[in-house]
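*Asks:* return a 3D structure for these sequence lines:
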Amino acid sequence: EENRQLLDSIGLFDGLPDRQKGRIAELALVEESFEEGARIITAGEAPAAMYLIKKGQLSIMQGGHVDSCGRLVGGTWCSQLMVGDTFGGRSVLYNEPHRVTVVADEHCELVCIGFQQLKSVIGEDLASCIERSFVQCLLKN
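*Replies:* Purely as a prediction, here's the structure:
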């Protein structure tokens, strides 16, 4: 029930039928915690999931490099992500590498929507399916 409410809060999925939303909530949502300084997504890497922030704040960074300890060094701060924000969706939808790096500013709790699980529910062409569902939803209203 909580997973379904979280999914309903993500506008990207507004046009999907209830049964598909139910399957996504059942199969694709996993909660994860990250500590301050952790990289959640890294520019140039392939997408594994999209994320919804349940607790904490994160920074979107451009540039920089990852040191031997896995920490982002340098880079330019672009913006702040807060509770209720989502990120990583574009990369998941279009199956393209991330354009930015997202780093936890403090302990964070995220809901991850797995890329492979999402494809198993919606189909291979995620972007077309979601865009089509969204347009159909708009036309009904």
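*Asks:* list the beta-bridge partners for the residue sitting nearest the centre point of the chain.
*Replies:* With distances taken as C-alpha atoms, centre = their mean, the residue of the chain nearest its centroid is Met50 (1.9 Å). Taking DSSP bridges as the rule, Met50 bridges to Ile113.
*Asks:* change the start of the numbering to 33 and stick with it
*Replies:* Renumbered: residue one is now 33, and that last one reads Met82.
*Asks:* show me what contacts it?
*Replies:* Applying C-beta atoms under 8 Å, 6 or more residues apart in numbering, we find Met82 in contact with 118-121, 123-124, 144-145, 147, 150. Using the backbone N, CA and C atoms, a C-beta is placed for each residue, glycine as well.
*Asks:* out of those, which is most surrounded?
*Replies:* Within these, Ile145 tops the neighbour count with 27 neighbours, counted by other C-beta atoms under 10 Å.
*Asks:* who's in contact with it?
*Replies:* Residues near Ile145 by C-beta under 8 Å, 6+ apart: 39, 56, 60-61, 81-84, 124.
*Asks:* repeat that for 7 Å
*Replies:* 56, 60-61, 81-82 (C-beta atoms under 7 Å, 6 or more residues apart in numbering).
*Asks:* so, low pLDDT: which residues of the chain?
*Replies:* 156-173 (pLDDT under 70).
*Asks:* all strands of it, in order?
*Replies:* 61-66, 71-73, 81-87, 90-94, 97-98, 104-105, 108-113, 118-119, 133-136, 140-146 (DSSP state E).
*Asks:* so of those, which one's packed in deepest?
*Replies:* Most buried of the strands of the chain by mean neighbour count (mean count of other C-beta atoms under 10 Å) is strand 133-136; its value is a mean of 23.
*Asks:* how far off centre is it?
*Replies:* On the basis of C-alpha atoms, centre = their mean, to the nearest Å, strand 133-136 is displaced by 12 Å from the centre of the chain it belongs to.
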